[in-house]
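[1] A structural model of the following input is requested.
(one chain, ligands or ions: 1)
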Amino acid sequence: MTTAVSSAVRASGLGKSYGGTWALRDCSFELPAGRVAALVGANGAGKTTLLSVLAGLLEADAGSADVDGRVAFVAQDKPLYKGFTAHDALTMGARLNTAWDQAKAVAWLDRFEVPRTRACGKLSGGQQAQVAFALALGSCPDVLLLDEPLANLDPLARREVAAALLDEVAETGMTVVLSTHVITELTGVADHLLLLSNGGLLADDDVDGLLAHHAAYTGPRSDAPPVEGRVVEARHSANQSTFLVRLPDGPRPPVADRWVERAVTLEDYVLARLAESRKGGAE
Ligand SMILES: Nc1ncnc2c1ncn2[C@@H]1O[C@H](COP(=O)(O)OP(=O)(O)OP(=O)(O)O)[C@@H](O)[C@H]1O
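    Here you go, the predicted structure:
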């Protein structure tokens, strides 16, 4: 007997075309509630298109997308009414949303020291992003969709926003899908990877499981890695070879003499898969 796990976000054969060109093709995945999914891919891979379809802003041309509960979407350009102050924006949020947590929205602005009485058009890009986050979190979403949320933020704010989002997930059980090009900053934040290439899903995996099944080996120049498995990436210099390998199930194989094994990071994996797909070698 299998136990049904409730999923908060489901896509089945999802496709979206612009003028006959598919920006998203045959995309199928399920995200259980409480997941933080990193949506990663090269420029033009289809990340914004996927988020927009999930948010209900774009209609799919194939398949279906289902999102459970209240959805909040913070778009890449963080659109705000420029003449509104942050205070006005929250007042509007309170009036337009069926559920609204004013204390949470205000606390977010105060935490990131955003002036509440200055027109949004006169706030910095990072401060405007914080107003957009406050509006999204104030609406008590079950699913929060973020398109490059960290892009306008300084390095400290990036770390703080990522940590604050994780706190929200722990406190509320909401599900987050966030697109990003800054993969290193997702370490310890994302527990699920959605990797897009040319509108198709290359990977839909639990991050811990994914990293546990891969390893990198560096050793003497060689045509093959020192272990069994699927070679995701091979790099060679005159005297040395490095292989990123997907290992078969089971215990890790012993490392041969003169080879060094190292753990694979999410960034290593994503870069290797994107390079592989660019060469046309993707599965
Ligand atoms: N309104 C549109 N009309 C026509 N083509 C579009 C439109 N919006 C996006 N596209 C195309 O669809 C593809 C996917 O675009 P999308 O914006 O979803 O990619 P992305 O992964 O978010 O890219 P980036 O990382 O650069 O933001 C691209 O080839 C893009 O040129």
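
[2] so which residues on this structure come close to the ligand?
    18, 23, 41, 43-49 (CB under 6 Å from any ligand atom). Yep, even glycine has a C-beta here, placed from its N, CA and C like the rest.

[3] tell me which two of those residues sit farthest apart.
    By the measure CB to CB, 18 and 41 form the most distant pair in those, at 16.5 Å.

[4] settle it for me: which of those two has more neighbours?
    residue 41 (26 against 11; other CB atoms under 10 Å).

[5] burial measure for the closest residue to the more buried one other than its chain neighbours, as a count.
    Closest residue to residue 41 apart from its sequence neighbours, by CB to CB, 6 or more residues apart in numbering: residue 196 at 3.5 Å. As a burial measure, residue 196 scores 27 neighbours (other CB under 10 Å).

[6] try residue 129
    Neighbours of residue 129 under the rule other CB under 10 Å: 25.

[7] contacts only, for it.
    74, 78, 149, 151-153 (CB atoms under 8 Å, 6 or more residues apart in numbering).

[8] start and end of stretch 51-65, how far apart?
    The first and final residues of stretch 51-65 sit 10 Å from each other (CA to CA, to the nearest Å).

[9] those helices in this structure, which residues are they?
    Taking DSSP state H as the criterion, the chain carries its helices at 47-54, 86-96, 102-111, 125-138, 155-172, 207-212, 266-278.

[10] quick one: contacts for residue 208?
    residue 191.

[11] show me the contacts for residue 85.
    By CB under 8 Å, 6+ apart, residue 85 lies in contact with 116-120.

[12] actually, residue 31.
    Residue 31 makes contact with 7-10, 37, 175, 177, 192, according to CB under 8 Å, 6+ apart.

[13] domains for this protein, by residue range?
    Residue ranges for the domains of the chain, per the TED database: 7-205, 209-281.

[14] could you dump those domains to TSV with mean pLDDT?
    Shown next, in TSV, are the domains of the chain (pLDDT from 0 to 100):
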stretch	mean pLDDT
domain 7-205	94
domain 209-281	92
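
[15] single out the most deeply packed of the ones you listed.
    domain 7-205 (a mean of 18; mean count of other CB atoms under 10 Å).

[16] re earlier: including distance to residue 29, could the helices of the chain go into a markdown table?
    Listed next are the helices of the chain as a markdown table, based on distance: least, CB to CB, whole Å:
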| stretch | distance to residue 29 |
| --- | --- |
| helix 47-54 | 10 |
| helix 86-96 | 30 |
| helix 102-111 | 29 |
| helix 125-138 | 22 |
| helix 155-172 | 18 |
| helix 207-212 | 14 |
| helix 266-278 | 16 |
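
[17] figure out which of the ones you listed is closest to residue 200.
    Closest to residue 200 of the helices of the chain is helix 266-278 (CB to CB; 8.6 Å).

[18] who are the packing partners of that closest one?
    Under the contact definition 3 or more CB pairs under 8 Å, 6 or more residues apart in numbering; DSSP states H and E, helix 266-278 sits against strand 36-41, strand 192-197, strand 200-206, helix 207-212, strand 230-236, strand 240-246.

[19] how far does the first one sit from the chain's center?
    By that I understand strand 36-41. 2 Å (CA atoms, centre = their mean, to the nearest Å).

[20] now the fourth one
    Mean C-alpha position of helix 207-212 versus that of the full chain (CA atoms, centre = their mean) differs by 15 Å.

[21] just the third one next, same as before
    Taking the mean C-alpha point of strand 200-206 and that of its whole chain, the gap between them comes to 11 Å (CA atoms, centre = their mean).

[22] same check on the second one?
    The chain centre lies 7 Å from the centre of strand 192-197; the measure is CA atoms, centre = their mean.

[23] for that strand, packing partners?
    Partner elements for strand 192-197 (3+ CB pairs under 8 Å, 6+ apart): strand 21-32, strand 36-41, helix 47-54, strand 200-206, helix 207-212, helix 266-278.

[24] run the angle between the longest one and strand 192-197 for me.
    In other words, helix 266-278. Computed with axes from the mean of the first three to the mean of the last three CA atoms, to 10 degrees, the direction of helix 266-278 lies at 30 degrees from that of strand 192-197.

[25] just checking the distance from helix 266-278 to the centre of its chain.
    From the chain centre to the centre of helix 266-278 is a distance of 15 Å (CA atoms, centre = their mean).

[26] please consider this matter closed, and thank you.
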